[in-house]
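1. Starting from these lines, generate the structure:
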Amino acid sequence: MEIHLLGFNELDKNVSPLLGKVFGISGNYFDPGKMGSYFQSLEQVNQNWELLNLLLNEKNEYLPSLVLAMKMLSNALDLQKGLYITF
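-> Sure thing, here's the model as predicted:
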């Protein structure tokens, strides 16, 4: 997915709109499963939902790939909660 085509190339490279951001210091991030561990505050959940919604409005062919992420973000917004994503 090429988000930069839509003018999002200024996004922080350490933050993923699908996953969130890592926690800790470089080289020693919180990652108990050693496969990835990410956090999103409620504010980030809202920003990421808006970002992905804008992306889908511009490139609706991404809908099949993003439907689960949008549902996850929408559920968190409905509950007014942040997210913890781990693998």
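2. Output the lowest mean pLDDT helix or strand found in this protein.
-> None of the helices or strands of the chain scores lower by mean pLDDT, DSSP states H and E than strand 15-16, at a mean of 66.
3. Could you give the average pLDDT over the helix or strand that that strand is followed by?
-> Remark: after strand 15-16, the chain's next helix or strand is strand 20-21, criterion DSSP states H and E. The average pLDDT for strand 20-21 rounds to 79.
4. Does anything pack onto strand 20-21? Which helices or strands?
-> For strand 20-21, the contact count by 3 or more C-beta pairs under 8 Å, 6 or more residues apart in numbering; DSSP states H and E identifies strand 37-40, helix 42-58 as packing neighbours. C-beta here means a position set from N, CA and C on the backbone, and glycine is covered the same way.
5. Following it in sequence, what is the next regular element?
-> Per DSSP H and E, the helix or strand that comes after strand 20-21 is strand 24-25.
6. which strands and helices sit next to that following strand?
-> Checking 3+ C-beta pairs under 8 Å, 6+ apart, strand 24-25 ends up next to no helix or strand.
7. Let me have the helices and strands packed on strand 20-21 in JSON lines, extended by mean pLDDT, mean neighbour count and distance to P64.
-> As requested, the helices and strands packed on strand 20-21 are exported to JSON lines (pLDDT from 0 to 100; neighbours: other C-beta atoms under 10 Å; distance: least, C-beta to C-beta, whole Å):
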{"stretch": "strand 37-40", "mean pLDDT": "88", "mean neighbour count": "20", "distance to P64": "22"}
{"stretch": "helix 42-58", "mean pLDDT": "91", "mean neighbour count": "16", "distance to P64": "11"}
